[in-house]
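**Q** Provided below for reference: sequence and predicted model.
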Amino acid sequence: MVSTLDAIRQAVENSCYFVSSECVVPTTEIGAVALYDIVERLPALDPLFCSITWGNDGRTAETFIEVASVCQSLLSVNFQVNLTGYTSKLEVLKWLRLLKAKGVRNLLVRRSAPTAGSTTTSCNGDIGVGPRTTAAGSHGTPREEVNATTSTSLAPITTVSSSFSVSAFPHAVGFV
C-alpha cells in the first residue's frame, strides 16, 4: 500500500482522473453494518484512496480506530484516516500511537474549529510528527498532510501492504 500523497502525486503526474471516498465514523450498530457494506463494495469502484474522519470532540475515537484498523488491514484499497489536530499534544500522540499499533499507516492530521465549550488550544505545529505539506481543505479550511516517517516521539511508521479482503466486517467493531 502506498501513501495517499504518493498515490495522488502519481495520478497527477500521469494525468489520470481519480476518485476518492470519505466516510464518517458510525455511531450506531446499524450505521456500522451499513458502512462496512459500502466499504466492502468500494474496491469495485477503484478509488485512489478512501478515508474516514472522526468528530472534533473525540467521542467516537475508539470506534474510529477500530474501523480504520479493519479497513486498513482488510481492504485492497489505500485507506487514510483523518485525525483532528484540535486537542492537546498528549491526546494527539495517544491517538497516533493507537493507530500505529492497529496497523494504520496513512494519516491526515487536520486543523479544525474548537467544539462548543472547548477550552483547549490547537496543537498544530508542535505535535512533533514530522514534515508537513500544506494542502487545501474542504470549505477553505487549511489542512496539514502528515508524513509520519520521521517522528521524534514515535518509532518510524512504514507502509505495509494488504493483498486480501474479508467480508466479515460487522463483527470487527466494538461500540462505545
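**A** Alright, I've got the coordinates. Residues are numbered from 1 along each chain as shown.
**Q** could you pull up the mean pLDDT of the helix or strand that Gly31 is a member of?
**A** Applying DSSP states H and E as the criterion places Gly31 in helix 29-41. On average, the pLDDT along helix 29-41 is 87.
**Q** so which elements touch the next helix or strand after it?
**A** Once the chain leaves helix 29-41, the next helix or strand it forms, by DSSP H and E, is strand 49-53. When contacts are defined as 3 or more CB pairs under 8 Å, 6 or more residues apart in numbering; DSSP states H and E, strand 49-53 packs onto helix 4-13, strand 20-24, helix 61-74, strand 79-84. (C-beta placed from N, C-alpha, C; glycine too.)
**Q** and the helix holding Gly31, which residues are buried?
**A** 31-32, 35-36, 39-40 (16 or more other CB atoms under 10 Å).
**Q** and which of those residues is nearest Gly103?
**A** Nearest to Gly103 out of these is Val39 (CB to CB; 16.0 Å).
**Q** for the closest one, which non-adjacent residue is closest in space?
**A** Spatial nearest neighbour of Val39, excluding adjacent residues (CB to CB, 6 or more residues apart in numbering): Cys71 at 5.9 Å.
**Q** and the gap between that neighbour and Arg9?
**A** Going from Cys71 to Arg9 by CB to CB, to the nearest Å gives 22 Å.
**Q** now Val25, what are its backbone angles?
**A** Backbone torsions of Val25, given as degrees, to the nearest 10, read phi -60, psi 130.
**Q** coming back round to it: okay, Cys71 and Arg9: which has more neighbours?
**A** Between Cys71 and Arg9, Cys71 has the larger neighbour count (other CB atoms under 10 Å), namely 26 against 12.
**Q** make JSON lines from the buried residues of helix 29-41 and add distance to Ser51 to it.
**A** Output for those, formatted as JSON lines (distance: CB to CB, whole Å):
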{"residue": "Gly31", "distance to Ser51": "17"}
{"residue": "Ala32", "distance to Ser51": "17"}
{"residue": "Leu35", "distance to Ser51": "13"}
{"residue": "Tyr36", "distance to Ser51": "16"}
{"residue": "Val39", "distance to Ser51": "11"}
{"residue": "Glu40", "distance to Ser51": "16"}
